[in-house]
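> Sequence below, structure please.
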Amino acid sequence: MPSPSPAERAATSPGAPRTGVIACGALAAPVADIASRRGWALDVHPLSPLLHNRPERIAAQVAGLALALRDRYARPLGVAYADCGTYGALDDVCTRLGLHRLPGAHCYDVFGGRERITALLAEEPGTYLLTDFLVRTFERTVLTELGLDRWPQLRDDYFGAYRRVVWLAQQPDAELRTAALRAAAAIGLPLEVVPVGDGGLEAGLADLLAAPARQQP
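Just a heads-up that it's a prediction; the model follows:
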């Protein structure tokens, strides 16, 4: 583990002021776990993970929560989102409100690293990616949200171009593996498991703690 930055040491010192992090609901639990393990004085404020099905709403939701929370904290809020399909709208919010977000285009970059994800997609463009959260919640966040529980005949319309499922396994165990196999079978695809751990997310959070305050225009 790298030596803590001055900001990290400040965040773990006795009586340290707390820092707020606005988190995607799919990342909220691992963010809280990492903060607890590292002793960071973080408060996690999650937004609904179902926003990923309506990414055009993410930036406005982050902005609204950031404005509601900013007077509670002495230092700027962190944003535990990647771009996540906002096509730069979330970056515009971060610039306007003086915030910093996690790196990458999506949470798969956060967990797997951009180079590895790029390589996986170059190897097989028809790759459907899963995280631990999506494995646990696949029936609700994917099948139900897409209506496949009601209209299973639409499966091939949604997934006909895919050739495999790759599970970016953060904390793999037998129960999650069974759930991942069940998720892949539900959309008729073979499963591959790529262990990634939480190191990418942990490093991204450490960078948020260390990031200097941004000037608001």
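
> Straight-line length of stretch 180-192, end to end?
In stretch 180-192, first residue to last residue: 9 Å (C-alpha to C-alpha, to the nearest Å).

> in it, what counts as buried?
Of the residues in stretch 180-192, those buried under the neighbour-count criterion (16 or more other C-beta atoms under 10 Å) are 180, 181, 183, 184, 186, 187, 189, 191. Heads up, the C-betas are built off the backbone N, CA and C, glycines and all.

> next one: phi and psi at the fourth one?
The phi and psi values for residue 184, taken as degrees, to the nearest 10, are phi -60, psi -40.

> Go through the buried residues of stretch 180-192 and name the one nearest residue 210.
residue 180 (33.9 Å; C-beta to C-beta).

> From residue 194, how far off is the closest one?
Between residue 180 and residue 194 the distance is 11 Å, computed by C-beta to C-beta, to the nearest Å.

> okay, and the common contacts of those two?
For the pair residue 180 and residue 194, residues contacting each of them under the criterion C-beta atoms under 8 Å, 6 or more residues apart in numbering are 167, 169.

> Low-confidence ranges, the protein, go.
In the predicted model of the chain, residues 1-16, 213-217 satisfy pLDDT under 70.

> which residue ranges form the strands in it?
Chain-ordered strands for the chain, with DSSP state E as the definition, fall at 19-24, 42-47, 78-80, 100-101, 127-130, 164-169, 191-195.

> Run me through the strand neighbours of the first one, direction for each.
So that's strand 19-24. Strand pairing for strand 19-24, using DSSP bridges, gives strand 42-47 (parallel), strand 78-80 (parallel).

> ok, now the fourth one?
Take DSSP bridges as the rule and strand 100-101 pairs in its sheet with strand 78-80 (parallel).

> Nothing else from me, thank you.
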